[in-house]
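>>> Sequence and predicted structure below; questions after.
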Amino acid sequence: TISRVQGSSTPVSTNYITLPGTGLAGQDYGKQAGLLIWRHGDFADKTIVIPLLDLGGGRMPIRTFTFQLTYMVGITLLDGAFQTAVQIADVHANPGVVGFKKEFECRGPVKT
């Protein structure tokens, strides 16, 4: 979930993408990429769903991929982080379970 906080006087946007680590797109998770836009006055949270895949390969070790925000326009990230690592637990034991939760908070420009 990505939240806009502290100001909604101007539109802001960011692209997002998943990048492979030890986990591979199309094999361990569904590759995602897109654009998030908050228009003037929009404070609605934006949720991105990244499907975890089970291709029937039996028990697998923990795999990782990266979720990254790119090409931010009018946005400052409150914690300064623009990417985070995601761990995929054993899909057979816990279908759909991701090994972490990270919430990004985006601050748009504040009109003075």
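Right, received. Where do you want to start? Numbering: from 1, shown residues only.
>>> how about the residue lying closest to Ile37 once chain neighbours are set aside, what does it touch?
Taking Cβ to Cβ, 6 or more residues apart in numbering as the measure, Ile37 lies nearest to Ser13, with 4.6 Å between them; neighbours along the chain are not counted. Heads up, the C-betas are built off the backbone N, CA and C, glycines and all. Shown in contact with Ser13 (Cβ atoms under 8 Å, 6 or more residues apart in numbering): Leu35, Leu36, Ile37, Trp38, Tyr71, Met72, Val73, Gly74, Ile75.
>>> Among those residues, name the buried ones.
With burial judged by 16 or more other Cβ atoms under 10 Å, the buried subset of the contacts of Ser13 is Leu36, Trp38, Gly74, Ile75.
>>> Reformat those residues as a markdown table; add distance to Thr22 and secondary structure.
Supplementary listing: these in a markdown table, determined by distance: Cβ to Cβ, whole Å; DSSP: H, G, I helix; E, B strand; the rest coil:
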| residue | distance to Thr22 | secondary structure |
| --- | --- | --- |
| Leu36 | 27 | strand |
| Trp38 | 33 | strand |
| Gly74 | 34 | coil |
| Ile75 | 29 | coil |
